[in-house]
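J.: A predicted structure for the sequence below; I have some questions about it.
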Amino acid sequence: MSKQIAKLLKVIGIVQRVGYRRYLLDLAQKIGVAGYVKNEKDGSVTLYIQGEEDKVNTFLEEAYKPFYPAKVEKIELIKEKTPDPKIKYFEIKFGTIQEELQEEFGAMQAIFMNYWQEFRDYRQEFRDYRREFREFAKRTDQNFQEIKDKYGEISERLTEILDTLRRESKETREKLNESLKLLKEAIEKLDKKK
């Protein structure tokens, strides 16, 4: 078991009305450290953290990596402290009901604005896809027209070839019939001479 430490810190950045305190609470519960976090009037948060030294260090590393839109610029050490055995868990120290409502509405607004921006990006992407689809449809229509035109040419050629084959087949049949007739006559003449 590593040495127990405690630190009082000030977190500066976009850390109020963005769900940062909740992020720290979840993080502390996951890592297994105790302490508290509370909002300050200057827009920062005060953070008291205590526990095994390696867990506190892990917690502080992760405290720099909150979810968007929260952003930590720096974490300043206010004071090294002696761990308080009475503090067993990590908690959010809440302000007045008005401050907390403002905090929650601010967090919701930040999330909403993030979704709104994503929606605007998707809307633009959709417009781009729609434009691409129209161009594709136009090219496809042109390709089908070319195939139709080409098929028309092929159809005409095949009709000409078929007509030629029919005509030549009829002529060939007539010549064969005439040849057979002449051959028959020749055989009959030979038979009479015998």
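T.: Happy to help now that I have it.
J.: Now do the strands in this protein.
T.: Along the chain, counting by DSSP state E, strands occupy 4-14, 34-39, 45-52, 71-81, 90-93.
J.: and the longest helix along the chain with strand 4-14, angle?
T.: If you go by DSSP state H, the chain has its longest helix at helix 97-193. Helix 97-193 runs at 70 degrees relative to strand 4-14, counting by axes from the mean of the first three to the mean of the last three Cα atoms, to 10 degrees.
J.: how much does helix 97-193 deviate in direction from strand 34-39?
T.: Computed by the same axes, to 10 degrees, the angle separating helix 97-193 from strand 34-39 equals 100 degrees.
J.: Residue 4 and residue 37, how far apart?
T.: Taking Cβ to Cβ, to the nearest Å as the measure, residue 4 falls 19 Å from residue 37. To be clear about C-beta, it is placed using only N, CA and C from the backbone, and glycine gets the same treatment.
J.: sorry, back to before: Serialize the strands of the chain to JSON lines and add fields for mean neighbour count and distance to residue 170.
T.: Shown next, in JSON lines, are these (neighbours: other Cβ atoms under 10 Å; distance: least, Cβ to Cβ, whole Å):
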{"stretch": "strand 4-14", "mean neighbour count": "18", "distance to residue 170": "92"}
{"stretch": "strand 34-39", "mean neighbour count": "21", "distance to residue 170": "101"}
{"stretch": "strand 45-52", "mean neighbour count": "22", "distance to residue 170": "101"}
{"stretch": "strand 71-81", "mean neighbour count": "12", "distance to residue 170": "90"}
{"stretch": "strand 90-93", "mean neighbour count": "17", "distance to residue 170": "100"}
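J.: Out of these, the one nearest residue 20 is which?
T.: In terms of Cβ to Cβ, the element of those nearest to residue 20 is strand 45-52, at 6.6 Å.
J.: Great, nothing more from me.
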